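>>> Okay, sequence plus prediction incoming.
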Amino acid sequence: MARLTPSTSGGKSKPSTDSAAPTAEHRPRRRPQMKSKAAGKKKAAQAAHKKPKSGGFESLGLCEEVYRGVRHKGYRVPTPIQRKAMPLILAGLDVAAMARTGSGKTAAFLVPMLQRLRRRDPGAGIRALILSPTRDLATQTLKFTHQLGKFTDLKTGLIVGGGSMDSQFEVLADNPDIIIATPGRFVHILDMVDDLSLRSVEYVVFDEADSLFSLGFAEQLHKILHKLSDTRQTLLFSATMPQALAEFAKAGLRDPQVIRLDLDKKISPDLKLVFFTLRQEEKLAALLYLVRERISSEEQTMIFVSTKYHVEFLSILFREEGLAASLSYGAMDQEARTEHIAKFRARRTMLLIVTDVAARGLDIPLLDNVVNWDFPAKPKLFVHRVGRVARQGRTGTAYTFVTSEDMPFLLDLHLFLSKPLRPAPTEEELLKDMDGINLKIDQSLANGETVYGRFPQTIIDLCSDGVKELTTGSITPGLDYRSDVERTVLSPCCVELRLMMPCRLDAAVLDLVDDETSGMQAQKTRYHWMKNKFVKLNNGDRVTASGKIKTETSAKLKASKDIYKKWQQKSHRAISSGGKDGNFEEGGTYMPGNTFCLSSCSYIFYFDLRSTFTKFIAVHQYVTPSDP
Ligand SMILES: Nc1ncnc2c1ncn2[C@@H]1O[C@H](COP(=O)(O)OP(=O)(O)OP(=O)(O)O)[C@@H](O)[C@H]1O
């Protein structure tokens with residue numbers, strides 16, 4: 001019986017020289033190129049019938065226009081949150097999804113939205129509504145929608161505060177299929193346009209949901225929700241957990257599918273955390289040193305400060321120093337704000353100074369660093385700020401300034417992150433074994449640990465002199481000092497410190513961090529932050545993707561506020577009592593040259609933070625920035 005010759009692999013066999021009749025056994029072999037062509041065809045046919053790779057964009061059954069948009073945007077493989085959320089959303093379910101900053105949440109709700117709407121329908125009214133807490137985030141989502149929806153003919157309108165009302169009425173007159181809006185302005189428009197119905201909306205997204213619900217938009221959201229049809233699909237996306245599950249009810253979700261990813265990791269593993277301890281009055285000098293000497297001029301850096309006055313003041317200082325910076329803060333004219341951010345995105349400026357209005361959602365893919373000029377008061381805010389870097393597989397660094405007043409918050413942060421604290425080595429130790437110590441630091445950083453240290457004091461002193469000259473010396477064109485303002489007050493270097501009592505904060509607050517005591521041990525134990533409480537994890541316990549704790553023995557773990565309280569009592573009370581009734585060591589132990597940040601501030605200078613700050617702000621209102 002004729003036997004078919006098994007084909008040789010790779011089509012590399014030589015052509016046969018056999019001249020016998022072409023039997024099955026002695027069939028002349030095809031020329032290699034012929035074979036590869038046929039094989040190519042076969043492969044293509046196979047591919048056409050092949051089941052799409054599960055979990056890929058191909059398996060979602062997207063229409064051609066939407067799939068092309070995804071490919072055009074450069075997305076090849078869905079991120080974990082996209083893989084989890086998109087099939088559920090495409091199935092029409094309500095979803096509450098929480099995943100780390102920079103994990104690709106925007107496309108997770110945009111792609112199913114485009115798939116659902118598909119084609120423009122000018123007669124149908126608004127069919128999808130995306131609510132964002134900030135103008136910048138809404139503008140960015142609009143850009144993503146245009147990019148992903150490039151091959152659809154859907155029309156999208158943007159309604160945000162700061163834009164002209166007339167142009168936004170025009171947007172609505174165009175009958176867009178999709179509206180991306182900030183709640184305040186959207187409600188304003190709803191109030192003014194009588195016949196604007198939201199009953200046609202079938203797809204609603206609350207982006208950065210916890211921020212929407214906590215930023216005082218409750219009334220506006222309530223109004224919007226009231227106008228929506230009950231049959232709509234509702235989606236809630238956030239990087240941090242809403243304060244209470246009751247928020248879901250507020251958003252009108254029906255049997256929501258809850259997805260929680262990566263929440264135990266909270267911050268990207270590709271993010272390096274660097275903390276510097278310093279005195280309040282050294283911050284300007286430290287910042288200049290950082291952006292000039294430590295950060296390469298090729299890197300882009302976002303600097304977070306707490307008020308618009310700080311933004312303006314720093315921008316003037318940078319300009320005086322020949323450094324160009326972009327700015328963004330809430331009260332800034334919208335056009336100028338968009339222009340400044342666009343300039344930064346285009347890398348025409350390498351520094352962006354912002355208030356927290358920019359902390360949420362802003363995606364600057366090539367960002368390298370974040371600087372926290374002010375320590376964020378809440379760990380969640382820290383997570384959002386530093387979440388601007390190390391996105392989508394890129395690495396990045398977050399530099400944070402820590403004054404003695406910030407230390408309790410720093411400890412809170414580490415409990416929240418479940419990250420151990422490591423003291424930096426002392427100067428003495430460094431001098432003894434520079435290489436060994438540096439190696440240890442590198443190893444710690446590579447292990448994802450945080451090492452705290454100080455800027456070299458000599459350098460800070462040098463920079464401080466320069467800054468002092470700039471802010472108190474001859475009148476510079478950018479700084480317009482009024483005669484009635486005491487010049488010395490202009491400089492934070494010269495803020496008057498009211499020494500109340502020399503004491504060692506570290507003794508009171510930081511015994512928990514001491515290597516030898518239970519504090520460090522306590523920290524080494526991992527804690528999981530659950531429902532505003534810490535749950536202690538023992539060996540073998542793990543946190544699942546949905547945020548539940550699995551123990552080896554299946555025992556239920558009880559959340560406790562004790563550990564948090566313990567830290568609070570020891571740290572916060574110490575601060576608020578101004579050293580009067582804490583268990584401080586009077587006089588303290590002065591340890592010159594110790595670079596261990598947490599004991600480096602050998603004496604704490606208590607000063608009336610509020611009055612200094614008010615003064616600082618009041619003074620800066622006299623500063624006229626010549627840059628918008
Ligand atoms: N599947 C994908 N493949 C490659 N890149 C992606 C993918 N999905 C999203 N990205 C990119 O990842 C970056 C972060 O995405 P996005 O801004 O949606 O994150 P996020 O989770 O909404 O972050 P935040 O919580 O900060 O708002 C963006 O630059 C986006 O274009």
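Now that the structure is in, tell me what you want to look at. Numbering: from 1, shown residues only.

>>> rest of the way, CA atoms for contacts and neighbours
Noted.

>>> how about the residues of the chain near the ligand?
75-79, 101-107, 239, 361, 363, 365, 387, 391-392 (Cα under 6 Å from any ligand atom).

>>> Just the buried ones among those, please.
78-79, 101-107, 239, 361, 363, 387, 391 (16 or more other Cα atoms under 10 Å).

>>> Helices of the stretch 301-450 of the chain, residue ranges please.
Secondary structure of the stretch 301-450 of the chain (DSSP state H, counting those that start in this stretch): helices at 308-320, 334-345, 379-386, 407-417, 427-432, 434-446.

>>> Between those helices, which has the poorest mean confidence score?
Mean pLDDT is lowest for helix 427-432 out of those, coming in at a mean of 63.

>>> Residue 315 - how many residues pack around it?
Counted by other Cα atoms under 10 Å, the residues lying close to residue 315 total 24.

>>> so it touches residue 353, yeah?
Yes - counting by Cα atoms under 8 Å, residue 353 is a contact partner of residue 315 at 7.4 Å.

>>> anything in contact with each of the two?
325, 326, 327 (Cα atoms under 8 Å, 6 or more residues apart in numbering).

>>> Show me what the first one bridges to in the sheet.
When you say that, I think you mean residue 325. residue 351 (DSSP bridges).

>>> pLDDT value on it, please?
Confidence at residue 325, expressed as pLDDT, is 95.

>>> May I ask you to confirm that it is in contact with residue 351?
Yes - with contact defined as Cα under 8 Å, residue 325 counts as touching residue 351 (4.7 Å).

>>> so where's the stretch 151-300 of the chain uncertain?
Residue ranges of the stretch 151-300 of the chain with pLDDT under 70: 215, 241-251, 262-265.

>>> Helices along that one, start to end?
165-173, 183-192, 209-214, 218-227, 246-250, 283-289.

>>> Let me have those helices in JSON lines, adding mean neighbour count and distance to residue 64 as columns.
Formatted as JSON lines, the helices of the stretch 151-300 of the chain follow (neighbours: other Cα atoms under 10 Å; distance: least, Cα to Cα, whole Å):
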{"stretch": "helix 165-173", "mean neighbour count": "14", "distance to residue 64": "28"}
{"stretch": "helix 183-192", "mean neighbour count": "17", "distance to residue 64": "33"}
{"stretch": "helix 209-214", "mean neighbour count": "21", "distance to residue 64": "31"}
{"stretch": "helix 218-227", "mean neighbour count": "16", "distance to residue 64": "33"}
{"stretch": "helix 246-250", "mean neighbour count": "15", "distance to residue 64": "34"}
{"stretch": "helix 283-289", "mean neighbour count": "21", "distance to residue 64": "50"}
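
>>> Compare residue 325 and residue 351 and say which is more crowded by neighbours.
Higher neighbour count among residue 325 and residue 351: residue 351, with 25 against 22, using other Cα under 10 Å.

>>> Look up how far the ligand lies from the more buried one.
19 Å (Cα to the nearest ligand atom, to the nearest Å).

>>> and that residue, what pLDDT?
95.

>>> ok, it touching residue 302?
Yes - using Cα under 8 Å, residue 351 makes contact with residue 302 at a distance of 5.9 Å.

>>> For these two, list the residues in contact with both.
Shared contacts of residue 351 and residue 302 (Cα under 8 Å, 6+ apart): none.

>>> now the residue nearest to residue 127 when sequence neighbours are not counted: how far from the ligand?
Nearest non-adjacent residue to residue 127, counting by Cα to Cα, 6 or more residues apart in numbering: residue 201, 4.1 Å away. Here residue 201 is placed at a distance of 22 Å from the ligand (Cα to the nearest ligand atom).

>>> list the contacts for residue 201?
Each residue near residue 201 by Cα under 8 Å, 6+ apart is listed here: 125, 126, 127, 128, 129, 228, 229, 232.

>>> so what's the last one closest to, chain neighbours aside?
Taking Cα to Cα, 6+ apart as the measure, residue 232 lies nearest to residue 202, with 4.3 Å between them; neighbours along the chain are not counted.

>>> Number of residues surrounding that neighbour?
Neighbour number of residue 202 under other Cα under 10 Å is 20.

>>> So it sits against residue 130, correct?
No - using Cα under 8 Å, residue 202 makes no contact with residue 130, being 11.2 Å away.

>>> Give me the below-cutoff pLDDT ranges for the stretch 1-150 of the chain.
1-55.
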